[in-house]
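Peer 1: Here you go, sequence then predicted model.
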Amino acid sequence: MLILVTGAGGFIGHCLVKKLKADGETVIAADWKYPEFERSPADRFFNVDLRYKEETEAIFRSCGQFDEVYNLAANMGGMGFIENYRALIMRDSVLISTNVLEAARKYQARRFFYSSSACAYNTELQKDLNNPALSEDMAYPAMPEAGYGWEKLFSELLCQYFREDYGLVTRVARYHNVYGPNGTWRGGREKAPAAMCRKVILTASKGEIEIWGDGKQQRSFMFIDDCVEGTLKIMRGDYPHPLNLGSDELVEINHLADIAMSFEKKHLTKKYIEGPLGVRGRNSDNSLIQKVLGWRPSISLNTGLEKTYFWIKGEIETLRAQGVGLEASSEIPEVTDKRYVG
Ligand SMILES: NC(=O)c1ccc[n+]([C@@H]2O[C@H](COP(=O)([O-])OP(=O)(O)OC[C@H]3O[C@@H](n4cnc5c(N)ncnc54)[C@H](O)[C@@H]3O)[C@@H](O)[C@H]2O)c1
């Protein structure tokens with residue numbers, strides 16, 4: 001097959017490209033940056049800004065009809081980034097989603113995949129601990145995460161309307177917190193699992209690690225291999241509406257810290273500080289994906305986090321050998337790149 005992956009310089013996009021190449025497909029990659037940690041194995045890499053229609057269409061014009069288009073490009077990051085850059089996130093990702101979907105229609109792609117998020121769900125239902133897991137019908141009435149979540153709902157609907165009005169085959173997954181090797185682990189765009197591993201690795205025994213809030217927030221975290229496998233299953237399956245793609249192993253952030261500490265038997269003190277928290281409790285209800293695909297993510301947090309921990313440790317050792325100084329604590333990134341600010 002001839003396949004396009006946008007966001008192929010990012011975490012999930014790059015891992016998807018690797019899987020598709022291993023499966024023997026012809027893969028075209030697009031992103032405005034190359035993967036951070038490895039070379040992309042894509043057959044061709046378009047270094048383009050997908051916020052611009054002409055740059056997006058140029059890919060389709062030069063490659064012909066795609067069998068599959070996976071749109072994973074988005075301006076996004078961890079909770080600190082999402083809460084501080086609403087305008088940037090929403091403006092950029094609305095433009096990217098619209099351009100890629102429109103080009104897929106115009107150049108008659110056979111199938112289109114969009115990566116939505118658990119942040120599309122109604123936040124009113126996530127204010128407490130031990131909330132019921134989120135099932136697909138709980139996105140409406142709409143009250144998603146500010147900025148980022150509204151863009152996700154907008155793009156989900158755009159996919160639906162393109163399917164209904166133009167007959168483009170579209171598939172949508174609502175990812176819940178994806179982590180693993182090759183994911184961003186420093187700089188402010190990283191998510192909780194990578195940040196926790198970094199903090200534990202960089203803190204000397206008997207030291208303190210910082211945790212945003214009281215650490216009682218609950219989440220589920222999906223390992224990257226489950227994400228890639230589920231993405232392919234959703235894309236190639238028959239179910240046209242949004243589907244949860246997430247783990248249903250619910251953990252407190254405090255417990256996430258304990259698991260990260262367990263790999264090298266570190267006993268660190270948790271220091272609770274103010275920080276961006278997001279919703280209080282969120283889990284994935286996997287009944288529907290199990291029903292329509294006969295599959296659900298199954299890699300345990302312990303197994304996935306151990307792989308991630310030692311991958312980050314390897315990256316840290318490489319950087320230290322080059323004399324790079326590293327901070328354990330998390331920061332809110334300052335966006336200074338002119339391409340982002342515009
Ligand atoms: N990682 C998660 O936990 C998670 C959870 C829910 C949803 N998602 C969604 O999955 C998708 C992929 O996420 P990810 O974790 O790989 O993120 P990522 O930030 O690693 O990858 C996104 C990629 O999009 C690229 N991009 C941004 N703006 C661009 C532009 N104007 N032109 C070209 N490329 C541009 C970035 O350079 C980046 O490489 C995103 O849509 C994200 O919202 C991710």
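Peer 2: Nice, thanks for sending it over. Keep in mind that what you see is a predicted model, and the values were worked out from it rather than measured.

Peer 1: Kindly format the C-alpha coordinates of stretch 232-250 as PDB.
Peer 2: The C-alpha trace of stretch 232-250 is given here as PDB (Å, rounded to 0.1, in the frame of the first residue of the first chain):
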ATOM      1  CA  LEU A 232      -4.100  -0.100  12.500                       C
ATOM      2  CA  LYS A 233      -7.000  -2.100  13.700                       C
ATOM      3  CA  ILE A 234      -9.300   0.900  13.900                       C
ATOM      4  CA  MET A 235      -8.200   2.200  10.500                       C
ATOM      5  CA  ARG A 236      -8.700  -1.100   8.800                       C
ATOM      6  CA  GLY A 237     -11.900  -2.100  10.700                       C
ATOM      7  CA  ASP A 238     -15.500  -1.300   9.800                       C
ATOM      8  CA  TYR A 239     -16.500   1.000  12.700                       C
ATOM      9  CA  PRO A 240     -16.900   4.600  11.400                       C
ATOM     10  CA  HIS A 241     -17.400   6.500  14.700                       C
ATOM     11  CA  PRO A 242     -14.800   7.500  17.300                       C
ATOM     12  CA  LEU A 243     -13.400   4.700  19.400                       C
ATOM     13  CA  ASN A 244     -11.500   4.800  22.700                       C
ATOM     14  CA  LEU A 245      -7.900   3.700  22.300                       C
ATOM     15  CA  GLY A 246      -6.500   3.600  25.800                       C
ATOM     16  CA  SER A 247      -5.500   1.400  28.700                       C
ATOM     17  CA  ASP A 248      -8.200   0.700  31.400                       C
ATOM     18  CA  GLU A 249      -5.600   0.200  34.100                       C
ATOM     19  CA  LEU A 250      -6.300   3.200  36.300                       C
END
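
Peer 1: from the middle of its chain, how far away would that stretch be?
Peer 2: In terms of Cα atoms, centre = their mean, to the nearest Å, the centre of stretch 232-250 is set 14 Å apart from its chain centre.

Peer 1: Likewise for stretch 98-108?
Peer 2: How far stretch 98-108 lies from its chain's middle: 22 Å, per Cα atoms, centre = their mean.

Peer 1: can you list the residues that contact it?
Peer 2: With Cβ atoms under 8 Å, 6 or more residues apart in numbering as the test, stretch 98-108 has contacts from 6, 50-53, 56-57, 59-61, 64-66, 69, 71, 73, 112, 114, 155, 158-159, 162, 166, 168, 170. Every C-beta, even on glycine, is put in place using the N, C-alpha and C of the backbone.

Peer 1: Could you give me the buried positions within that stretch?
Peer 2: Neighbour counts over stretch 98-108 (16 or more other Cβ atoms under 10 Å) mark Thr98, Asn99, Val100, Leu101, Glu102, Ala103, Ala104, Arg105, Tyr107 as buried.

Peer 1: model confidence over it, on average?
Peer 2: Averaged over stretch 98-108, pLDDT sits at 98.

Peer 1: Stretch 28-39 too?
Peer 2: 96.

Peer 1: which residues are contacting that stretch?
Peer 2: Residues outside stretch 28-39 that contact it (Cβ under 8 Å, 6+ apart) are 2-10, 13-14, 17, 40, 42-50, 56, 59, 63, 66, 73, 182, 184, 315, 339.

Peer 1: Tell me how far the closest residue to the ligand within the chain lies from Asp31.
Peer 2: Here the residue of the chain nearest the ligand is Gly10; by Cβ to the nearest ligand atom that distance is 2.0 Å. Separation of Gly10 from Asp31 (Cβ to Cβ, to the nearest Å) stands at 7 Å.

Peer 1: Kindly report the same for Glu210.
Peer 2: Noted for Glu210: a distance of 32 Å to Asp31, by Cβ to Cβ.

Peer 1: The two: which is more packed in?
Peer 2: Set Glu210 next to Asp31 and count neighbours by other Cβ atoms under 10 Å: Asp31 wins out with 24 against 15.

Peer 1: pLDDT weak spots in the chain?
Peer 2: For the chain, residues meeting the criterion pLDDT under 70 lie at 331-342.
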